[in-house]
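Asker: sequence first, predicted coordinates after that:
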Amino acid sequence: MEEIEFILDSTKESMNGSIAHLEKEFLNIRAGKATPQMLGGVFVDYYGSQTPLSQVANVNVPDARTITVTPWEKSMLHPIEKAIMIANLGFNPMNNGDNIIISVPPLTEERRRDLVKQAKAEAEDAKIGIRNARKDANTDIKKLEKDGTSEDVCKKAEEDVQKLTDAYIKKIDEHLVIKEAEIMKV
C-alpha cells in the first residue's frame, strides 16, 4: 500500500508541475495590458554575461499601456534598449536619457486570435504532460501487480490515477477558458 501511496503522490506532484508550467507560460502570453512579466525573457549583456533584465533595472507599469525600465546604472540604457529590440517582442522602446519607456500597442483582432491559438497549444502541451504522468503511474502500478500486489488494489489505484488525470485536465480547461476570455476582451 505504501508503494501505491508513493506512486499517487508523485503523480500528483508531476501533474501539479504541469499546471504550474502552464500558468507560467500563460503569463508570457500578453493580453493587451502591460505587465512587467512581458520583459521576463529579456537578457541584457551586462559586462560580458547575459543577465535577466530584472537584475540590472527596475521594471514598472505606470498604466495599462506603458512599461518603464529604469536601469540601476546609466551606462546600461543602450544595452537594455538593444536587448529589448533583439528580444523581438514587437515593442519599440524609447530612451529619454534616464529610463526606457515602452508603449504597449493595443492588440488587433487577428493578433488576439493568434494568441488564443498559442494559449490552446500551451494547454494541449500541459495535457500531454498530465497524460504522461498517468502513463508512468499506470506502468509503475502494473510492475507492482507483477511483483505480487493484489489485482483489486492495483485496479483501485489505476482508477485513482484516472480520477486525478480527469481532475487535472479539467483544471487546464478552466485555466484556458479564463485566459481566452482575457485575451479576447478588448
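Answerer: Alright, I've got the coordinates.

Asker: would you list every one of the strands in the chain?
Answerer: Per DSSP state E, the chain carries strands over the ranges 43-46, 49-52, 57-63, 66-71, 94-95, 100-103.

Asker: who touches the third one?
Answerer: Contacts made with strand 57-63 from outside it, assessed by CB atoms under 8 Å, 6 or more residues apart in numbering, are listed as 34-36, 39, 44, 53, 67-72, 76, 80. For glycine as for every other residue, the C-beta is placed from the backbone atoms N, C-alpha and C.

Asker: same question for the fourth one.
Answerer: Residues from elsewhere that reach strand 66-71, judged by CB under 8 Å, 6+ apart: 34, 36, 38-39, 53, 56-62, 77, 80, 84, 91, 93, 98-104.

Asker: what strands line up against it, and which way round?
Answerer: Neighbouring strands of strand 66-71 in its sheet, by DSSP bridges, are strand 57-63 (antiparallel), strand 100-103 (antiparallel).

Asker: ranking the ones you listed by burial, who's on top?
Answerer: For the strands paired with strand 66-71, the largest average neighbour count (mean count of other CB atoms under 10 Å) is found in strand 100-103, namely a mean of 18.

Asker: helices of this structure, residue ranges please.
Answerer: Ranges of helices in the chain, per DSSP state H, are 2-28, 77-86, 109-146, 151-184.

Asker: how far does the second one sit from the chain's center?
Answerer: Translated: helix 77-86. Distance of helix 77-86 from its chain centroid, counting by CA atoms, centre = their mean, to the nearest Å, is 24 Å.

Asker: likewise for the longest one?
Answerer: Mean-position distance between helix 109-146 and its chain equals 14 Å (CA atoms, centre = their mean).

Asker: list the buried residues in it.
Answerer: Of all the residues in helix 109-146, those buried under the rule 16 or more other CB atoms under 10 Å are 112, 115-116, 118-119, 122-123, 126-127, 129-130, 133-134, 137-138, 140-141, 144-145.

Asker: again with the first one
Answerer: Neighbour counts over helix 2-28 (16+ other CB under 10 Å) mark I4, I7, L8, T11, K12, S14, M15, S18, I19, L22, E25, F26 as buried.
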